[in-house]
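Engineer: any chance you could fold what I've pasted below:
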Amino acid sequence: MDDMTPYQTQILKAILSRLEDDLILSSTLLIGPRGAGKRTCARAVANHRNLSFIEIPLNDSKSNVSQRLFGTESESRLAVEEGYAPGDVGRDSPCLLYLSGLQGLDPELFQQIHRLIASREYLDPLGHRWRLSSNLLIFGAMSFPNEVVNVTPEHWVTSVFANILQIIPRFSTDELAVLCGNILRIEIIDRTPFSNILELLEQSLRSADDGLHSLRRWLQSLATEALPTNILNLSQVSQIIARDIDYLLRKIEYRGNFLSQAKFNLWSQQFPSDMRYYPSVILKNIADKYYIGSQKYHSRFCQVGTFDRVFCNRL
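Structural biologist: Coordinates of the predicted model:
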C-alpha cells in the first residue's frame with residue numbers, strides 16, 4: 001500500500017469488502033478525474049491478492065484495443081490448434097486486467113466489452129467463443145472531463161460492472177504529507193518545517209488537472225536532484241513546479257514569440273489569492289485543447305488543398 005493516502009486506503013478497504021469472497025468473478029468500475037488514484041487503488045487490490053497487473057487503455061484505436069484484448073487472427077488460429085484462449089483476456093494465470101480510459105472506448109467495441117464483463121466470454125477475430133478464466137479480475141476506469149467522451153457513467157456499457165465506485169481526489173496537507181513521505185521514502189514526523197511546501201503543493205495540485213501524476217513527477221524529480229539532507233526545500237520545489245508552467249508556455253507560440261515566465265507570473269499576481277491557481281488552469285486548457293502551434297497549423301493547412309474558403313475548428 002505504498003504511495004497511498006489514508007483516503008485511498010479507505011477506498012481499497014471498500015473495494016475489498018464489496019468483492020468479499022467473490023473477488024475473481026466480480027468486476028469493478030472506478031470513476032474519477034485524472035490523478036485521483038484509480039490506478040493506485042487497482043494496483044493495491046492486485047498486490048493484496050497476489051495478482052499480476054495488466055493495463056489496456058480502451059481509449060486507444062479500435063484495432064489496438066481489439067488486438068490487445070482478443071488477439072489477432074494468427075493468434076486465434078494458433079489458439080484453436082493448441083487449445084488456449086487468445087488475447088490478454090484469455091490469460092489463465094491470476095491477474096487483474098485494468099481497462100483504463102473507458103470514456104473514450106470506440107462505439108464499435110461497445111457490444112464486445114459489454115459481453116466480456118456481463119457474460120465473461122468473448123469472440124476472437126475468427127468468431128470462436130472463449131470463456132474467461134476464473135483467475136481473471138476485471139477493473140474498469142473512466143476519467144472526466146475528457147475531450148473524447150463516448151461512454152458516460154450512465155451509459156449501458158457501465159451498467160454491467162458489479163461494483164461502481166467514485167474516487168474524489170483529496171489533497172489536504174495531511175494527505176500530502178503521507179504521499180510525500182511514501183514517495184520520497186522519508187518519515188515526516190514534524191510537519192511544521194514543511195508547512196509552506198505542503199501548502200504550495202496543495203495550491204499547485206488544484207491547477208495541475210492530473211492530480212497524483214503531477215505530484216509524483218514533481219517529487220521524483222525532487223528526489224533525483226536534491227541532496228538527501230535538503231530533500232524538501234521550498235525553493236527547489238517551486239522551481240520544479242515552475243517547469244511545468246514553462247513547458248506549457250513553450251507550447252503556445254504567437255508570431256514566433258512565447259510568453260515568458262515572468263510575464264505569466266505578473267499576470268497571475270493580478271488574481272485574488274483564492275483564485276491564484278486560475279491562470280495555470282487557463283494556460284493548460286489553451287495549451288492542451290485549443291492551441292496547435294504554427295508548425296502543426298501549416299502542415300494541416302497544406303493538407304486542405306486549393307479551396308476558396310477554409311473553416312477551422314481545432315484543426
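Engineer: so for stretch 29-42, mean pLDDT?
Structural biologist: Mean pLDDT, stretch 29-42: 87.
Engineer: can you give me the end-to-end span of that stretch?
Structural biologist: Taking C-alpha to C-alpha, to the nearest Å, the first and last residues of stretch 29-42 lie 10 Å apart.
Engineer: quick one: residues contacting the residue nearest to Ser27 when sequence neighbours are not counted.
Structural biologist: Using C-beta to C-beta, 6 or more residues apart in numbering and skipping the chain neighbours, the partner closest in space to Ser27 is Ile138 (4.4 Å). Backbone N, C-alpha and C define where each C-beta goes, glycine included. If you count contacts by C-beta atoms under 8 Å, 6 or more residues apart in numbering, Ile138 has them with Ser27, Thr28, Leu96, Leu97, Leu99, Leu116, Ile117.
Engineer: again, only using 10 Å
Structural biologist: With contact set as C-beta atoms under 10 Å, 6 or more residues apart in numbering, Ile138 has these partners: 24-29, 89, 95-99, 113, 116-117, 120, 132, 160-162.
Engineer: touching, Arg216 and Leu201? I think so.
Structural biologist: No. Using C-beta atoms under 10 Å, Arg216 is not in contact with Leu201; the gap is 11.6 Å.
Engineer: between those two, point out the one with more neighbours.
Structural biologist: The residue with more neighbours, out of Arg216 and Leu201, is Leu201; 24 against 16, by other C-beta atoms under 10 Å.
Engineer: check which helix or strand that one maps to.
Structural biologist: helix 195-208 (DSSP states H and E).
Engineer: just Thr28 next, same as before
Structural biologist: strand 27-31.
Engineer: what is the subsequent helix or strand relative to the lengthiest helix in the chain?
Structural biologist: Counting residues, the longest helix in the chain under DSSP state H turns out to be helix 234-251. The helix or strand immediately downstream of helix 234-251 is strand 253-254, counting by DSSP H and E.
Engineer: packing partners of that following strand?
Structural biologist: helix 294-304 (3 or more C-beta pairs under 10 Å, 6 or more residues apart in numbering; DSSP states H and E).
Engineer: try 7 Å this time
Structural biologist: Where contact means 3 or more C-beta pairs under 7 Å, 6 or more residues apart in numbering; DSSP states H and E, strand 253-254 is not packed against any helix or strand.
Engineer: now the next helix or strand after it: mean pLDDT?
Structural biologist: Sequence-wise, the next helix or strand downstream of strand 253-254 (DSSP H and E) is strand 257-258. Looking at strand 257-258 alone, the average pLDDT works out to 80.
Engineer: helix, strand or coil for the residue nearest to Ser27?
Structural biologist: Classification of Ile138 using DSSP: H, G, I helix; E, B strand; the rest coil returns strand.
Engineer: pLDDT score for it?
Structural biologist: 94.
Engineer: one more: Tyr254?
Structural biologist: 70.
Engineer: roughly how far does it sit from Ile286?
Structural biologist: 11 Å (C-beta to C-beta, to the nearest Å).
Engineer: the more surrounded of the two?
Structural biologist: Ile286 (13 against 9).
Engineer: quick one, what contacts the spatially closest residue to the more buried one that is not a sequence neighbour?
Structural biologist: Using C-beta to C-beta, 6+ apart and skipping the chain neighbours, the partner closest in space to Ile286 is Ile252 (6.1 Å). Ile252 makes contact with Phe258, Leu259, Ile286, Ala287, Tyr291, according to C-beta atoms under 7 Å, 6 or more residues apart in numbering.
Engineer: how about the first one, what does it touch?
Structural biologist: Remark: with contacts taken as C-beta under 7 Å, 6+ apart, Phe258 is in contact with Leu249, Arg250, Ile252.
Engineer: tell me the secondary structure at the residue most central in space within the chain.
Structural biologist: Centroid-nearest residue in the chain: Arg34, 4.8 Å away (criterion: C-alpha atoms, centre = their mean). Of the three states, Arg34 takes coil according to three-state DSSP.
Engineer: look up how far Leu215 lies from it.
Structural biologist: In terms of C-beta to C-beta, Arg34 sits 12 Å off from Leu215.
Engineer: if we can go back for a sec, could you point out which element follows the helix holding Leu201?
Structural biologist: By DSSP H and E, the next helix or strand past helix 195-208 is helix 212-225.
Engineer: okay, now Glu108: neighbour count?
Structural biologist: Residues near Glu108, counting by other C-beta under 10 Å: 10.
Engineer: and it, helix, strand or coil?
Structural biologist: Going by three-state DSSP: Glu108 is helix.
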